[in-house]
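**Student:** A structural model of the following input is requested.
(4 chains)
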2 protein chains.
Amino acid sequence: MTHPTDKQLATLGAAFNTFTRRYKLADALGPDKPLNELDKQALFYVAEHPECGPSDIARFLAVPHTTISSATDRLVKRGLLKRTRPEEDRRAVALGLTDEGRRRVDGFLAAYRQMHLRMLGPLSAAERDAFIGMMTKIVYDEG
Amino acid sequence: MTHPTDKQLATLGAAFNTFTRRYKLADALGPDKPLNELDKQALFYVAEHPECGPSDIARFLAVPHTTISSATDRLVKRGLLKRTRPEEDRRAVALGLTDEGRRRVDGFLAAYRQMHLRMLGPLSAAERDAFIGMMTKIVYDEG
DNA sequence: AATGATATGACGATCTTCGTATTATTCAAC
DNA sequence: GTTGAATAATACGAAGATCGTCATATCATT
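**Tutor:** Numbering: from 1, shown residues only, chains lettered A, B, ... in the order given. Here you go, the predicted structure:
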């Protein structure tokens, strides 16, 4: 397989640079006060892994568990998460979304959807399929 | 123009989700202690805009100028940036990289290059061109 | 000169991260 | 079944980051 050229790499780098600045979720819309990045990530993880524990989040996000402890604490205090002690292991904590938490996650998802729509806007229908296919290939490649 | 399907949006969302977690620059390699995200961005901005002032950075990164003041202060203290008072406007400050700062930026650039190489790895030569083209189209689209 | 605008920094309140130490519970081995 | 190591989570505090208010120096205009 031939290697990418320096020019290709440079172009890609410049594009990503602008990309990450441009397509970033502007939180702080709506009445709720914004969540910091870690808290948002943690909230999403719980949404996708109900009944998970703090250590699962810490492992997944690769941050110290004490940091996640603080994060879940904030989320519980803000009424977005709830803790329960599962009977089968009373050391653990099972996290779950509250109704408010669910509402918040749904809001984020809608915002992401909008962002992705805007992103695909400049591409033709054929290009969209190709783009999504390549992103998938890049992300789920082993290596 | 037809709209993207829900399925397309969902696939793209899932891919980006993993993408941002996977392709993130692991700082803290090498002997130097890691820079936080803002400081890194500021350092890069100065690298690309020599003689710029703190307010330019603040405007570009869309953060309060006092935050940038703290950031440049840290960078100067660490010996990565230097301040000079331009004669033509003695209120202002002109920022520039020190040799150490240049070294640091070059290190980051090399790391980014590696990351982009890895990213393009799973794509064929034709796909690479197409991918970079679409990224460019997405990023530099007016809208 | 006087006024207003501009560039920056000082200071402090508040929040975040994360290392150390603590508590509660489970599990393994004897 | 008791003891001891391992595991899940949190309390606490130090260090650092963000950002608002205020102060200072320097233009630019009249």
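**Student:** My guess is residue A:134 contacts residue B:123. True?
**Tutor:** Yes: proximity of residue A:134 to residue B:123 meets the contact threshold set by CB atoms under 8 Å, at 6.1 Å. Any C-beta I mention is one placed from the backbone N, CA and C, and that applies to glycine too.
**Student:** List the residues that are in contact with both of the two.
**Tutor:** Taking CB atoms under 8 Å, 6 or more residues apart in numbering or on different chains as the contact rule, the neighbours common to residue A:134 and residue B:123 are residue B:131.
**Student:** now residue A:32, nearest residue through space, not along the chain?
**Tutor:** Nearest-residue entry for residue A:32: residue A:104, 6.8 Å, with adjacent residues in sequence omitted and distances by CB to CB, 6 or more residues apart in numbering or on different chains.
**Student:** How much space separates the residue most central in space within chain A from residue A:72?
**Tutor:** Centrality entry for chain A: nearest residue to the mean C-alpha point is residue A:41, 4.9 Å, by CA atoms, centre = their mean. Between residue A:41 and residue A:72 the computed distance is 12 Å (CB to CB, to the nearest Å).
**Student:** helices or strands next to the lowest-mean-pLDDT helix or strand in chain A in the packing?
**Tutor:** Using mean pLDDT, DSSP states H and E, the weakest-scoring helix or strand in chain A turns out to be helix A:6-22, at a mean of 91. Applying 3 or more CB pairs under 8 Å, 6 or more residues apart in numbering or on different chains; DSSP states H and E, one finds that helix A:6-22 contacts helix B:99-120, helix B:125-140.
**Student:** So which residues make contact with that helix?
**Tutor:** In this structure, residues lying in contact with helix A:6-22 by CB under 8 Å, 6+ apart are B:112-113, B:116-117, B:119-120, B:128-129, B:132, B:135-136, B:138-140.
**Student:** Would you mind listing what in chain A touches DNA strand C?
**Tutor:** Contact residues, chain A versus DNA strand C (CB under 7 Å from any atom of the strand): A:36-39, A:63-64, A:66-67, A:70-71, A:74, A:88-91.
**Student:** One more pass at 6 Å, please.
**Tutor:** Taking CB under 6 Å from any atom of the strand as the criterion, chain A approaches DNA strand C at residues A:36, A:38, A:63-64, A:66-67, A:70-71, A:74, A:89-91.
**Student:** Spatially, which two of those residues are the most separated?
**Tutor:** Pairwise distances across the residues of chain A next to DNA strand C peak at 30.7 Å for A:36 and A:90 (criterion: CB to CB).
**Student:** who's more crowded, the two?
**Tutor:** Between residue A:36 and residue A:90, counted using other CB atoms under 10 Å in any protein chain shown, the more crowded position is residue A:36 (11 against 8).
**Student:** list the contacts for residue A:134?
**Tutor:** Residue A:134 sits next to B:123, B:127, B:130-131 when contact means CB under 8 Å, 6+ apart.
**Student:** pLDDT below threshold where in chain A?
**Tutor:** Scanning chain A for pLDDT under 70 picks out the ranges A:1, A:28-29.
**Student:** show me what contacts the residue of it found nearest DNA strand D?
**Tutor:** Each residue of chain A has a distance to DNA strand D, by CB to the nearest atom of the strand, and the smallest belongs to residue A:53, at 2.5 Å. Applying CB under 8 Å, 6+ apart to residue A:53 gives the contacts A:92-95.
**Student:** likewise residue A:81?
**Tutor:** By CB under 8 Å, 6+ apart, the contact set of residue A:81 is A:43, A:46, A:72, A:75, A:95-98, A:101.
**Student:** again with residue A:93
**Tutor:** Contacts here follow CB under 8 Å, 6+ apart; on that basis residue A:93 touches A:53-54, A:83-85.
**Student:** Return the subset of those lying in strands.
**Tutor:** When DSSP state E is applied, those are split such that A:83-84 fall in strands.
**Student:** nearest to chain B, of the contacts of residue A:93?
**Tutor:** Proximity of the contacts of residue A:93 to chain B was ranked by CB to the nearest CB; the top entry is residue A:54 with 18.2 Å.
**Student:** And for that closest one, the neighbour number?
**Tutor:** The local packing of residue A:54 (other CB under 10 Å) involves 23 other residues.
**Student:** Residue A:125 touches residue B:2, doesn't it?
**Tutor:** Yes: with contacts counted by CB under 8 Å, residue A:125 reaches residue B:2, the gap being 5.6 Å.
**Student:** the more surrounded of those two?
**Tutor:** Counted by other CB under 10 Å, residue A:125 and residue B:2 do not tie: residue A:125 has more neighbours, with 14 against 7.
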